[in-house]
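# predicted structure and sequence below. I'll ask about it afterward.
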Amino acid sequence: MSSALVSVVLLGLACAANPWGIMIAILLLDARRGHGIVWSYVVAWTGAISVVMAALLAGLGALFGSGSDSANTAVSWLELALGAVLLGFGVRRLLSPPAETKATETPRWLRAIENISYPWAFLLGIYSATYPVVIAAAGEIMRADTTTAETALLAALFVVLGSSSVVAVAALGTFAPRRSAAFLDRMRSWVTAHNRAVITAILFVLGVYLAARGLEGLL
């Protein structure tokens, strides 16, 4: 249980650290249709990782018993594969030259967000969620020998942590717009300027972590 708890916390924070998710939430605060747009995005993000987590736990639970040797082996192979894929994407991003854009320039498709509708904001929330991390977290929960209540608590903890960044941005922009404006503007500028480095770092850290967890379970 303690190992699963640590893994779920780390993976939840990694899910929340998605720079594109944070940037989109900040930009949606300026949508012409009001702050309801950003909350539509947040609800979709939170709902998407919740549904995927529940589906994975139910599916894995039907195939393998929680904490069983077969579950440990399957999850270990899954984590090893995910880790290898993430490391591959990290190496690709590291070796490929960055696009020649100004450091503080927001991509055109992100600037168009100010005119977004509620359905498209909802779909954007579903699309932007960090699904590889959700899959890894579900695997870690299934690997542990936990009761049904403990499994539900770990899943809920992941969802809360994984949604914390977009919820915080939406709450600050909605309930403290004047006091948070300067902070959110600085955050948007920083994420815009450093999103490539942040994403690459997350890919490497997660890739190494998941590959190590996979190898640990197989050896």
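Cool, got the structure. Residues are numbered from 1 along each chain as shown.
# quick check on A156: phi, psi?
Reported as degrees, to the nearest 10, the phi and psi values for A156 are phi -60, psi -40.
# please shift the residue numbers so they start at 11 in all later answers.
Taking 11 as the first residue, the last one we looked at is A166.
# report the separation between it and R206.
A166 sits 33 Å away from R206, taking C-beta to C-beta, to the nearest Å as the criterion. C-beta coordinates here come from the backbone N, C-alpha and C atoms, glycine included.
# any chance you could map the strands in this protein?
With DSSP state E, there are no strands along the chain.
# in it, which helix or strand is least confident?
helix 118-121 (a mean of 63; mean pLDDT, DSSP states H and E).
# surely L88 touches I145?
Yes: with contact defined as C-beta atoms under 8 Å, L88 counts as touching I145 (7.1 Å).
# OK, contacts around the closest residue in space to L23 that isn't next to it in sequence?
The shortest distance from L23 to any residue other than its chain neighbours is 5.8 Å, reached at L171 (C-beta to C-beta, 6 or more residues apart in numbering). Under the criterion of C-beta atoms under 8 Å, 6 or more residues apart in numbering, the neighbours of L171 are V18, V19, G22, L23, C25, A26.
# just V201 next, same as before
The neighbours of V201, taking C-beta under 8 Å, 6+ apart as the test, are P29, I32, M33, I36, V208.
# got the end-to-end distance for stretch 107-122?
End-to-end distance for stretch 107-122, by C-alpha to C-alpha, to the nearest Å: 25 Å.
# repeat for stretch 21-31
Stretch 21-31 has an end-to-end distance of 15 Å (C-alpha to C-alpha).
# average pLDDT across that stretch?
For stretch 21-31, mean pLDDT is 91.
# contacts for that stretch?
For stretch 21-31, contacts defined as C-beta under 8 Å, 6+ apart pick out 55, 59, 138-140, 143-144, 146-147, 150, 167-176, 201, 204-205, 208-209, 212, 215-216.
# now the buried members of the residues you listed.
Buried by 16 or more other C-beta atoms under 10 Å: 55, 59, 138-140, 143-144, 146-147, 150, 167-169, 171-176, 201, 205, 208-209, 212, 216, out of the contacts of stretch 21-31.
# helices - which of the residues you listed land there?
55, 59, 138, 143-144, 146-147, 150, 167-169, 171-176, 201, 205, 208-209, 212, 216 (DSSP state H).
# return the distance of stretch 183-202 from the chain's centre.
20 Å (C-alpha atoms, centre = their mean, to the nearest Å).
# next, the buried residues of that stretch.
By neighbour count on 16+ other C-beta under 10 Å, the buried set for stretch 183-202 is G183, S190, L194, M197, R198, V201, T202.
# nearest to D40, of those residues?
G183 (8.7 Å; C-beta to C-beta).
# how deep is the closest residue to that closest one other than its chain neighbours tucked in, by neighbour count?
Nearest residue to G183, sequence neighbours excluded (C-beta to C-beta, 6+ apart): L39, at 3.8 Å. Each residue near L39 was counted by other C-beta atoms under 10 Å, and the total is 22.
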